[in-house]
Structure formats: C-alpha cells, structure tokens
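Q: have a look at this fold, sequence not included:
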C-alpha cells in the first residue's frame, strides 16, 4: 500500500484547486488550513517553485471518532491533500489514511481510517 492516492488532471492549477476543494466539500471535508508552498518558499528563501498548495482537510465526524479511539492522534490530523503543477497538467494527491494510521496499531482507529480512505478515494476519483 502506498502512502498517497493521486491523479493528474488536464486542467490549469487554479481550476484543479477549485475543483479539489469542491470535491472535498461534497464528501463532508472542510479545509482547516491552506499553505501556499510556492509563495512561502519565495518569501522565506527567495526560491522559485512550482504552484503547490497543501490543504488541511478535516471531516469532523471522522476526526471525532479518531480522537475518541486514540488520544494522541491529533498529531496526525488533518488529512493533507496537495495540489501541484505537474508535467502536462495538475496533480492532486491525498494521504492514504490506512498507511498513515497503520503504525498506531489500534483496531478502532483502523476502522475509521478505512472509512476516510473510501471518502478520499471518491474525492480523487471524482476529479
């Protein structure tokens, strides 16, 4: 199992970003954070970088279940989704929750991760 779910879209970056946020919303995720990596690297290092955003996506009911199952799991939340310019389009990738939660070895948490994985796969597939 890989640590991410990914798809490359034949869309400009901003359009792919908008579509990704809409698809996440349709699956019950909100965006808690948005990091513009390109702008941050330019500001902090004066380095050029491709358009790249990290979206901190959260589905409150599943986050609540995860927090009830494992008291320290907040260090691994929210679910990160990246949108980045790639050769021939824009790549959208999401963390694979089953891979991210596997080291914790908590059966209740794995059940939550399975459900979130299904939702994130639907997001990526819908793009």
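A: Structure's in. What do you need? Computed from a predicted model, the values in this text were never measured in an experiment.
Q: which SS state does the residue positioned nearest the centre of the chain fall under?
A: For the chain, the residue sitting closest to the mean C-alpha position, by C-alpha atoms, centre = their mean, is residue 81 at 2.1 Å. Each residue gets one of three states, and residue 81 gets strand by DSSP: H, G, I helix; E, B strand; the rest coil.
Q: check the gap between it and residue 46 for me.
A: In this view, residue 81 and residue 46 are 27 Å apart by C-beta to C-beta, to the nearest Å. No exception for glycine: its C-beta is placed from N, CA and C like everyone else's.
Q: any idea of the mean pLDDT in the strand or helix carrying residue 109?
A: Residue 109 belongs to helix 107-126 when assigned by DSSP states H and E. The average of the pLDDT scores along helix 107-126 is 97.
Q: output the contacting helices and strands for it.
A: With contacts defined as 3 or more C-beta pairs under 8 Å, 6 or more residues apart in numbering; DSSP states H and E, helix 107-126 has these neighbours: strand 4-9, helix 13-26, helix 60-69, strand 79-86, strand 89-95, helix 97-101.
Q: which parts of the longest one are buried?
A: Same thing as helix 13-26. 13, 16-17, 19-21, 23-24 (16 or more other C-beta atoms under 10 Å).
Q: what residues does stretch 16-34 touch?
A: 9, 11, 53-61, 78-79, 81, 83, 89-90, 92, 119-120, 122-123, 126-127 (C-beta atoms under 8 Å, 6 or more residues apart in numbering).
Q: tell me how far that stretch lies from the chain's centre.
A: 9 Å (C-alpha atoms, centre = their mean, to the nearest Å).
Q: same deal with stretch 108-115?
A: Counting by C-alpha atoms, centre = their mean, stretch 108-115 comes out at 16 Å from the chain centroid.
Q: which residues sit against it?
A: Against stretch 108-115 from outside (C-beta under 8 Å, 6+ apart): 62, 65-66, 69-70, 73, 97-98, 100-102.
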